[in-house]
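Undergrad: How does the following fold in three dimensions:
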Amino acid sequence: MSKKSQPICIVGSGPAGLVSALALAQKGLLPVILEKSSGHRSRSRATGLQSETLRIFDALGVGKDIRRMATPIFGS
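TA: Next up is the predicted model:
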């Protein structure tokens, strides 16, 4: 088995794990996500996204979709 075809283990399906899996899959690598929770949450626990996070989403090609689903937060 070549190194490129070996699965890469990601522990946790939170935001960092899912973005890591997406980035690896787009490079042709095989991510395997391990998650201890047996179900999924219907809502995010995050209260917002930083501008750098949005730039990463744009680079991965999902920025427009994320913005379409997001609720803008204004104020200081």
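
Undergrad: May I have the residues that are in contact with residue 22?
TA: Contacts for residue 22 (Cβ atoms under 8 Å, 6 or more residues apart in numbering) come out as 60, 62. Placement of C-beta: from N, CA and C, glycine included.

Undergrad: redo that, cut-off 7 Å
TA: By Cβ atoms under 7 Å, 6 or more residues apart in numbering, the contact set of residue 22 is residue 60.

Undergrad: Likewise for the one 10 residues further on?
TA: When contacts are counted by Cβ under 7 Å, 6+ apart, residue 32 touches 7, 8, 9, 10.

Undergrad: which ones among those are found in strands?
TA: 7, 8, 9, 10 (DSSP state E).

Undergrad: For the first one, give me its contacts.
TA: The one in question is residue 7. Listed by Cβ under 7 Å, 6+ apart, the contact set of residue 7 reads 30, 32.

Undergrad: Report the secondary structure state of residue 74.
TA: What DSSP: H, G, I helix; E, B strand; the rest coil gives for residue 74 is coil.

Undergrad: Please read off the pLDDT at it from the model.
TA: Looking at residue 74, its pLDDT stands at 81.

Undergrad: can you list the ones in strands among the contacts of residue 32 in TSV and add pLDDT and distance to residue 73?
TA: Below are those laid out as TSV (pLDDT from 0 to 100; distance: Cβ to Cβ, whole Å):
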residue	pLDDT	distance to residue 73
7	88	37
8	95	34
9	96	34
10	97	28
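
Undergrad: Residue 66 and residue 27, how far apart?
TA: Note on residue 66: its distance to residue 27, by Cβ to Cβ, to the nearest Å, is 20 Å.

Undergrad: And these two? Which one has more around it.
TA: Legend: neighbour count by other Cβ atoms under 10 Å for residue 66 and residue 27, higher for residue 66 (14 against 9).

Undergrad: Check what pLDDT the more buried one gets.
TA: The confidence metric pLDDT takes the value 91 at residue 66.

Undergrad: How much space separates it from residue 9?
TA: 25 Å.
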